[in-house]
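Peer 1: Sequence first, then the predicted structure:
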Amino acid sequence: MTGALAVLAAAQQEVPEDVGKAGPLGLLLMVVLLIVVLILGRSMGRHIKRLPVSFDPADQPVTVPDSPAELIDGPQPRPVQPGQALLDTLRKAPLAIEPPRGEDGGRPSPQG
């Protein structure tokens, strides 16, 4: 019986009025933060619209020098030779080329 009375007495204790209620300062803070987020979003949208579609310099051809001297002096004019256009194309867009495999097909030899 005393346990039930203790529970009833604890339930009937008065709770202060401001417990569980948001104050006007909290509302003001939420409104200010919402306005700041909206302003930042608009600013970011404007900056993103100004960005170029791609940062790759597609209009500038890529040249790979043949020797360290070309790094310092720049490319020297060369006489036109047969196959030069193909070599220039390969220099501009190098591909992964595998070296020829040996007679064993590239497999390791057994250690016996």
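Peer 2: Perfect, I can see it now.

Peer 1: Residue 32 - how many residues pack around it?
Peer 2: 10 (other Cβ atoms under 10 Å). In this view, the C-beta of every residue, glycine as well, is placed from N, C-alpha and C.

Peer 1: Could I get the phi/psi values of residue 67?
Peer 2: phi -140, psi 160 (degrees, to the nearest 10).

Peer 1: For it, which residues are in contact?
Peer 2: By Cβ atoms under 8 Å, 6 or more residues apart in numbering, residue 67 lies in contact with nothing.

Peer 1: For it, give its distance to residue 54.
Peer 2: To residue 54, residue 67 is 32 Å away according to Cβ to Cβ, to the nearest Å.

Peer 1: just residue 35 next, same as before
Peer 2: In terms of Cβ to Cβ, residue 35 sits 35 Å off from residue 54.

Peer 1: pLDDT of the helix or strand that contains residue 41, averaged?
Peer 2: Residue 41 is part of helix 24-50 when elements are defined by DSSP states H and E. Taken as a whole, helix 24-50 has a mean pLDDT of 94.

Peer 1: More neighbours: residue 35 and residue 54, which one.
Peer 2: Per other Cβ under 10 Å, whichever of residue 35 and residue 54 has more neighbours is residue 35, with 10 against 7.

Peer 1: Please enumerate the helices of the protein.
Peer 2: Under the criterion DSSP state H, the chain contains helices at 2-11, 24-50, 68-73, 84-92.

Peer 1: Redo those helices as a markdown table? Include distance to residue 103.
Peer 2: Converted to a markdown table, the helices of the chain look like this (distance: least, Cβ to Cβ, whole Å):
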| stretch | distance to residue 103 |
| --- | --- |
| helix 2-11 | 92 |
| helix 24-50 | 58 |
| helix 68-73 | 36 |
| helix 84-92 | 28 |
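
Peer 1: Could you report the neighbour count for the spatially closest residue to residue 64 that is not a sequence neighbour?
Peer 2: Spatially, and ignoring its direct neighbours in sequence, residue 64 is nearest to residue 91 (4.6 Å; Cβ to Cβ, 6 or more residues apart in numbering). By the measure other Cβ under 10 Å, the count of residues near residue 91 is 13.
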